[in-house]
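Novice: Can you look at this prediction? I've put the sequence above it.
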Amino acid sequence: MGHPTDAELETKEMDLRSMSNVQAEYVHKVGIPPKQNLFKEFKATMKETFFADDPLRSFKDQSGSRKFILGIQAVFPILEWGRSYNLAKFRGDLIAGLTIASLCIPQDIGYSKLANLAPQYGLYSSFVPPLIYAAMGSSRDIAIGPVAVVSLLLGTLLQNEIDPVEHAAEYRRLAFTATFFAGITQVTLGIFRLGFLIDFLSHAAIVGFMGGAAITIALQQLKGFLGIRKFTKKTDIISVTHSVFTSAHHGWNWQTIVIGATFLAFLLFAKYIGKKNRKLFWVPAIGPLISVVLSTLFVFITHAEKHGVEIVKHIEKGINPPSVNEIYFSGEYLAKGFRIGLVAGMIALTEAIAIGRTFASMKDYQIDGNKEMVALGTMNVVGSMTSCYVATGSFSRSAVNYMAGCRTAVSNIVMSCVVFLTLQFITPLFKYTPNAILSAIIISAVINLIDFQAAILIWKIDKFDFVACMGAFFGVVFVSVEIGLLIAVSISFAKILLQVTRPRTAILGKIPRTTVYRNIQQYPEANRVPGVLIVRVDSAVYFSNSNYVKERILRWLTNEEENVKSDYQTKIQFLIVEMSPVTDIDTSGIHALEELVRSLEKRGVQLILANPGPIVINKLHASNFANLIGQDKIFLTVAEAVAFCSPKLVEEA
């Protein structure tokens, strides 16, 4: 071994001097917070869990009449912001509403086919729900209506229960039932402030699920795009590819392919123009409507339907008929409708909340997540009673709404009015609209759901997140939408369980010329204290991880003792556990600490605790663990604990 350099000796001397100073100063003891009344403690915990945003803050010190008005405004925010509404805002909302209406009408007709419903049901779902949301929602930018992913999910789950062709009436009734329970699920989550449940579906899982769903949706459109009459009902890539190529010799229609390919190229070019120049956002927005008009006119003039080109044929005229009596409130389909509605409602809610938060942050305003859930749920409950299926926030339409200059939710009302006029007067004109153009519109719309950049970023940040992303993606693409969703949820829960049951621990060392102790892996220059092992636990200690924490600390100690023997260093006599990241501990955790003390006594090592939080120190005293190790072995900082453990080292200084 070489002789230490002058710099090393100087550093060591300064470290010892600072340690001596710490011991010379008054050693602060860890404070024990005063005991709280059990009811008050429970009340505070419940308030922090469910009412962290203090929703009743505006009601304080208000008269009874004022509280009533505030309560009405809380349910219907339009009554609050509507008082300051003016012509300038209406001008922006009018342009935005007309723009998103031109986009939603052709999309709604296509999305209804994804849900295996007649075209008018897509339009119905863009008439009533946006009106409800405009009155109750808190987002200014979100555009309401059917979306591709939820339509596909709903269509897939429903057709597993009822054949949409042979039993169309029963299928439609089950769709309304699922929509009703989707709304009930959303309202329940909002009223009981359980919105945190949707956060269990991680961002990575959503990215993978959306990407897989986009590919599945695009593959499903090959039926209309290629003019195939007999097509598989399965959604996985293998079944769809097999169905496409087995029908290649006799099932494809070249006229349909020409129409679809031509307008798909036009729509993609329009998107390219919109991305290149943000001022031309309206080009991709009105592209679908232009495509529908031109393709319909072309088919009408050439009578291409007589040459095998599939057309929409008929869309019911008139506004939404009531459907309350069609919802299953009893019988075998009640449970099935509830199950499907629960899944569809959660996915729709996740998408809408994500969209609302995104645009709210861009305009620097806040949305109330729980109010959003109640608004979205109410509109779907009412929608289920007026012949609508599950509606939510559409990212593509919301982006257009934002870029078109919308100011408030009135843009949704304008869009709804245009859809109303379409249902009343224009639907017969869609008779000759080719299915190929609807397929092209859907394909161009879902391409943006495949987010390569997000997947690459997930890979760079967290490999486990990437596994969740790819698991959801491949589950949707190669098996089915529901299996992909199940994989996404399962991997998200697996990650949570892994982090809870296997928390991180670290060995701490002293940063030279300071009294700061940090992770030696992050700070290689940090010095270990002779005869002392300092371990930090980066998690609450519960029944699920208490044994692991104890065993991991002992493993650190064993490794350190082996290193000490090989380098002929001072034997480990003290184990300091830095507890500032330990937010809570339960009886299993305290029992694990007691076992740790017994194991350390056999090795001749003393346990020292540093900086336990208020909840932890309370429980340590309540369990008598503080007396077990000694009140004098619980310190406010690691530096004070080290000074207590190293008197000989300090004396030598």
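Specialist: Cool, got the structure. Note that the coordinates shown come from a computational prediction; the quantities given were computed from them, not determined experimentally.

Novice: quick one, helices of the stretch 401-550 of the chain?
Specialist: Taking DSSP state H, counting those that start in this stretch, the helices of the stretch 401-550 of the chain run over residues 410-421, 435-446, 452-461, 463-478, 481-501, 546-567.

Novice: Save these as a markdown table, and put in mean neighbour count and distance to residue 64 too.
Specialist: Every residue, glycine included, has its C-beta placed from N, CA and C. Output for those, formatted as a markdown table (neighbours: other CB atoms under 10 Å; distance: least, CB to CB, whole Å):
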| stretch | mean neighbour count | distance to residue 64 |
| --- | --- | --- |
| helix 410-421 | 23 | 31 |
| helix 435-446 | 27 | 50 |
| helix 452-461 | 14 | 50 |
| helix 463-478 | 22 | 51 |
| helix 481-501 | 18 | 45 |
| helix 546-567 | 15 | 51 |
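
Novice: Could you tell me the least trusted of these?
Specialist: Lowest mean pLDDT of the helices of the stretch 401-550 of the chain: helix 481-501, a mean of 86.

Novice: how far is it from where the chain is centred?
Specialist: Here helix 481-501 is found 13 Å from its chain centre; the criterion is CA atoms, centre = their mean, to the nearest Å.

Novice: relative to helix 546-567, how tilted is it?
Specialist: 50 degrees (axes from the mean of the first three to the mean of the last three CA atoms, to 10 degrees).

Novice: Counting by contacts, list what helix 481-501 packs against.
Specialist: Helices and strands touching helix 481-501, by 3 or more CB pairs under 8 Å, 6 or more residues apart in numbering; DSSP states H and E, are helix 148-159, helix 203-220, helix 332-363, helix 463-478.

Novice: Just want the angle from it to helix 203-220.
Specialist: Using the same axes, to 10 degrees: helix 481-501 against helix 203-220 is 170 degrees.

Novice: give me the low-pLDDT residue ranges for the protein?
Specialist: Across the chain, the ranges flagged by pLDDT under 70 are 1-28, 31, 36-38, 42, 44, 47-57, 59, 568, 647-653.

Novice: for the helices of the stretch 401-550 of the chain, which one sits closest to residue 82?
Specialist: Comparison of the helices of the stretch 401-550 of the chain against residue 82 by CB to CB identifies helix 410-421 as nearest, at 8.8 Å.

Novice: Can you show me the CA trace of that closest one as CSV?
Specialist: C-alpha atoms of helix 410-421 as CSV (Å, rounded to 0.1, in the frame of the first residue of the first chain):
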residue,chain,number,x,y,z
VAL,A,410,-69.1,27.0,-26.8
SER,A,411,-67.1,25.5,-29.7
ASN,A,412,-68.7,22.1,-28.7
ILE,A,413,-72.1,23.7,-28.8
VAL,A,414,-71.4,25.1,-32.3
MET,A,415,-70.2,21.7,-33.4
SER,A,416,-73.3,20.1,-31.9
CYS,A,417,-75.6,22.5,-33.8
VAL,A,418,-73.9,21.7,-37.1
VAL,A,419,-74.3,18.0,-36.4
PHE,A,420,-78.0,18.7,-35.6
LEU,A,421,-78.4,20.4,-39.0
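
Novice: How about the contacts made by residue 126?
Specialist: 104, 105, 108, 144, 145, 146, 391, 415, 416, 419 (CB atoms under 8 Å, 6 or more residues apart in numbering).

Novice: and the gap between it and residue 286?
Specialist: Look at residue 126 and residue 286: by CB to CB, to the nearest Å, they are 16 Å apart.

Novice: Where do the helices of the stretch 251-400 of the chain begin and end?
Specialist: Using DSSP H, counting those that start in this stretch, helices in the stretch 251-400 of the chain cover 254-276, 282-302, 332-363, 369-384, 395-403.

Novice: Redo those as a markdown table? Include mean neighbour count and distance to residue 610.
Specialist: What follows is the helices of the stretch 251-400 of the chain, written out as a markdown table (neighbours: other CB under 10 Å; distance: least, CB to CB, whole Å):
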| stretch | mean neighbour count | distance to residue 610 |
| --- | --- | --- |
| helix 254-276 | 17 | 55 |
| helix 282-302 | 19 | 59 |
| helix 332-363 | 20 | 39 |
| helix 369-384 | 25 | 38 |
| helix 395-403 | 24 | 48 |
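
Novice: now these as JSON lines including distance to residue 228?
Specialist: As requested, those are exported to JSON lines (distance: least, CB to CB, whole Å):
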{"stretch": "helix 254-276", "distance to residue 228": "9"}
{"stretch": "helix 282-302", "distance to residue 228": "18"}
{"stretch": "helix 332-363", "distance to residue 228": "27"}
{"stretch": "helix 369-384", "distance to residue 228": "32"}
{"stretch": "helix 395-403", "distance to residue 228": "26"}
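
Novice: which one of the ones you listed lies closest to residue 92?
Specialist: helix 395-403 (10.3 Å).

Novice: what helices or strands is that closest one leaning on?
Specialist: helix 87-114, strand 143-145, helix 332-363.

Novice: Now do that helix against helix 410-421, angle only.
Specialist: Using the same axes, to 10 degrees, helix 395-403 lies at 120 degrees relative to helix 410-421.
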